[in-house]
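>>> Sequence and predicted structure, then a few things I'm wondering about:
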Amino acid sequence: MSPRYRPGLTVALLIVVLVTTMGCSTSASTKREEATPTPIPPPPVPVKPMYTVQRGTVIDSLSFTGRVAPVIEEELFFREGGRAKRVYVERNDMVEAGTLLAELENDDLVRQLQQAEIQLETDQLNLQAALDAKQFSVDKARIDLEIKRLELAKKQQEAAANVGVIVAKANLDKAIAGPSETDLAIARDRIEQAKNSLWGAQNQRDAICGQDADSAACRGAQASVQNGELNVRIAELQYQELQKGSRPEDVAIAQANYQSAVLRQQQLLSDIEIMKQEIALAERELERLEEGSETNLEAAVGRSKLAVERLQAQLAATQIFSPIAGKVTSVSCYEGREVNAYSPVFVVADEAEIEVTAEPMSTQLQRLAEGMEASIILSAYPGKELPAEIIQLPYPYGGGGGATVEEADKLTHIAFDPQDLDLKPGDLVKVIVTIEQRDDVLWLPPAAIRTFAGRKFVEIDEDGTRKRVDVVLGIESAERVEIREGLEEGQTVVGQ
């Protein structure tokens, strides 16, 4: 090697040795650090909160959200599905009870109902005509029966009196016995009476005719005298006949009259028996008429009524009438569109009186009761709180329910006085119900209470020493728990 290259080689060798030495030193240092890692400090122990047993008020309450709603509100629906033919109202329209809101296509049902109503009217007219005819027959039979009873009573009176026989018998006895002394005396008196009348007529004639013998008055007076003379002659003849006594022909006539009277009495008694039978027959006929029924015609009317009622029900299922007077607050039925049965398409509300309706959870419903006082906070009036009362809970928690499952009321109804606030249906409210309130009692926050295997206890700090103490709890709320036994006011409790 040339002497001139030696200094450069020497420098290069020195550099290589230096670099090698530095690398070894660095590797050795790294190996020493991995072999002895730096220890990690433990995490700091968290400081547990401390609570002081205090005396105050503990309120057990629950809250839920509700909405302002009309007290009277009806969800309306069709009872069968179909295509809407006409919708007669719009949202916010005011309607009266019985207003037709909408109907499905039902033209064929309408025609069938009209035909059924005509048939029913015809059947009713036929039945009424038959009933009128029956009533006429009943009335006539009743009158005929009454006439027969009156005739029977009359004949019974005649038969009981027996006048004809009695008179005929008396005449017969008189004819046989002849005239009595009394009869003769009466006959003589009649002669004297006739003579006296004649004498009076003669005196009157003489007085009148003495003045004017040719006058009409005179002729009338002479006629009276002639009549008087005839009466005297008749009375004398009658007296002479009586003096002769009974004649055989008179006795025979009286005997015949008596026998005829007896026969008439017997015939009368026979007629009475016949009339009794006729009355009995008339009574049975009247009963038959009164009990008779127009079965076929009544059945026809019944069938027609059922047909009309069936078609009316079918037609009603295609129509919606408002059951109340109020405002149409919701409409989801449109002409020409299909509608499902029992799907609400109208809501009609009477907004004159409002309430709060809500749907609390079942766990809350179990703690509520109808008649409980509550308070409501209105979202439209922050900070405004109004008194209220739970008036109805859904079944089975209260008296709410419905005739059918579809009509069951699942809402909780809360009454309140809106005062002069401008509230509208749908406004949100917060309902707060105080279940129980205890004043001047010991309490702790719920976080201070520990539970293990059904045991309730707390940890207290006594001069730096922790001690577990069993406690008896009272009412609880989200922020406070009543301590009935186990602690005293002012004690310090270690939280969890």
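Cool, got the structure.

>>> which residues in the stretch 151-300 of the chain form helices?
In the stretch 151-300 of the chain, the helices defined using DSSP state H, counting those that start in this stretch lie at 163-177, 181-209, 216-244, 248-291, 295-316.

>>> Indicate which one of those helices is closest to residue 114.
Nearest of the helices of the stretch 151-300 of the chain to residue 114, taken as Cβ to Cβ: helix 295-316 at 9.2 Å. The C-beta positions use only the backbone N, C-alpha and C, and glycine is treated the same way.

>>> Other residues contacting stretch 366-374?
62, 360, 387-393, 397-399, 412, 414, 431-435 (Cβ atoms under 8 Å, 6 or more residues apart in numbering).

>>> So which of these sit within helices?
Using DSSP state H, no member of those falls in helices.

>>> Just the buried ones from those residues, in ChimeraX syntax?
Burial among these is assessed by 16 or more other Cβ atoms under 10 Å; the matching ChimeraX selection reads:
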select :62,360,388,390,391,392,393,397,398,412,414,431,432,433
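
>>> Okay, and which of the contacts of stretch 366-374 map to strands?
Of the contacts of stretch 366-374, the ones assigned to strands by DSSP state E are 62, 387-392, 412, 414, 431-435.

>>> which of these lies closest to residue 256?
Out of those, the member with the shortest distance to residue 256 (by Cβ to Cβ) is residue 392, at 103.2 Å.

>>> Quick check: residue 410 touching residue 396?
No: Residue 410 lies out of contact with residue 396 (Cβ atoms under 8 Å); the separation is 11.6 Å.

>>> list the residues that contact both of these two?
When Cβ under 8 Å, 6+ apart defines a contact, no residue borders residue 410 and residue 396 alike.

>>> Have a look at the two and say which one is more surrounded.
residue 410 (11 against 8; other Cβ atoms under 10 Å).

>>> And what about that one, helix, strand or coil?
Under DSSP: H, G, I helix; E, B strand; the rest coil, the three-state class of residue 410 is coil.

>>> ok, and the closest non-adjacent residue to it?
residue 394 (4.9 Å; Cβ to Cβ, 6 or more residues apart in numbering).

>>> you'd agree the one you found is up against residue 360?
No: using Cβ under 8 Å, residue 394 is not in contact with residue 360, being 9.4 Å away.

>>> Show me whatever sits in contact with both of the two.
Contact criterion Cβ under 8 Å, 6+ apart; residues bridging residue 394 and residue 360 by contacting each: residue 412.

>>> So, low pLDDT: which residues of the stretch 351-496 of the chain?
By pLDDT under 70, the low-scoring segments of the stretch 351-496 of the chain are 401-407.

>>> Please, where are all the strands along it?
With strands called from DSSP state E, counting those that start in this stretch, the stretch 351-496 of the chain shows them at 373-378, 385-392, 412-416, 428-444, 450-452, 455-462, 465-470, 472-476, 481-485, 492-494.

>>> Give the pairing partners of the third one; include direction for each.
Looking at strand 412-416 with DSSP bridges, its partner strands are strand 346-358 (antiparallel), strand 385-392 (antiparallel).

>>> can you put those strands in a markdown table and add distance to residue 258?
Below are the strands paired with strand 412-416 laid out as a markdown table (distance: least, Cβ to Cβ, whole Å):
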| stretch | distance to residue 258 |
| --- | --- |
| strand 346-358 | 98 |
| strand 385-392 | 100 |
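
>>> looking at these, which is buried most?
Of those, the one with the most neighbours on average (mean count of other Cβ atoms under 10 Å) is strand 346-358, at a mean of 19.

>>> how about the CA coordinates for it, as PDB?
What follows is strand 346-358, C-alpha atoms only, in PDB (Å, rounded to 0.1, in the frame of the first residue of the first chain):
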ATOM      1  CA  PHE A 346    -115.500  11.000  12.200                       C
ATOM      2  CA  VAL A 347    -115.000  12.600  15.600                       C
ATOM      3  CA  VAL A 348    -117.800  14.900  16.900                       C
ATOM      4  CA  ALA A 349    -117.300  16.800  20.100                       C
ATOM      5  CA  ASP A 350    -119.300  19.100  22.300                       C
ATOM      6  CA  GLU A 351    -116.600  21.600  23.300                       C
ATOM      7  CA  ALA A 352    -118.800  23.500  25.700                       C
ATOM      8  CA  GLU A 353    -117.300  21.500  28.600                       C
ATOM      9  CA  ILE A 354    -113.800  20.200  28.700                       C
ATOM     10  CA  GLU A 355    -111.700  17.700  30.800                       C
ATOM     11  CA  VAL A 356    -108.300  16.100  30.800                       C
ATOM     12  CA  THR A 357    -107.900  12.500  29.400                       C
ATOM     13  CA  ALA A 358    -104.800  10.400  29.900                       C
END
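
>>> just to revisit the earlier point, looking at the ones in strands among the contacts of stretch 366-374, spot the one nearest residue 308.
Looking across the ones in strands among the contacts of stretch 366-374 and measuring by Cβ to Cβ, the closest to residue 308 is residue 392, at 38.4 Å.

>>> who's in contact with the closest residue in space to the closest one that isn't next to it in sequence?
Distances taken as Cβ to Cβ, 6+ apart put residue 413 closest to residue 392, at 4.1 Å, once the chain neighbours are dropped. Each residue near residue 413 by Cβ under 8 Å, 6+ apart is listed here: 71, 355, 356, 357, 390, 391, 392, 400.

>>> pretty sure the fifth one contacts residue 414?
Yes: counting by Cβ under 8 Å, residue 390 does reach residue 414; the two are 5.5 Å apart.

>>> pLDDT at residue 107, what is it?
As predicted, residue 107 sits at a pLDDT of 92.

>>> Okay, it and residue 114: tell me how far apart.
The gap separating residue 107 from residue 114 is 11 Å, by Cβ to Cβ, to the nearest Å.

>>> Much appreciated, bye for now.
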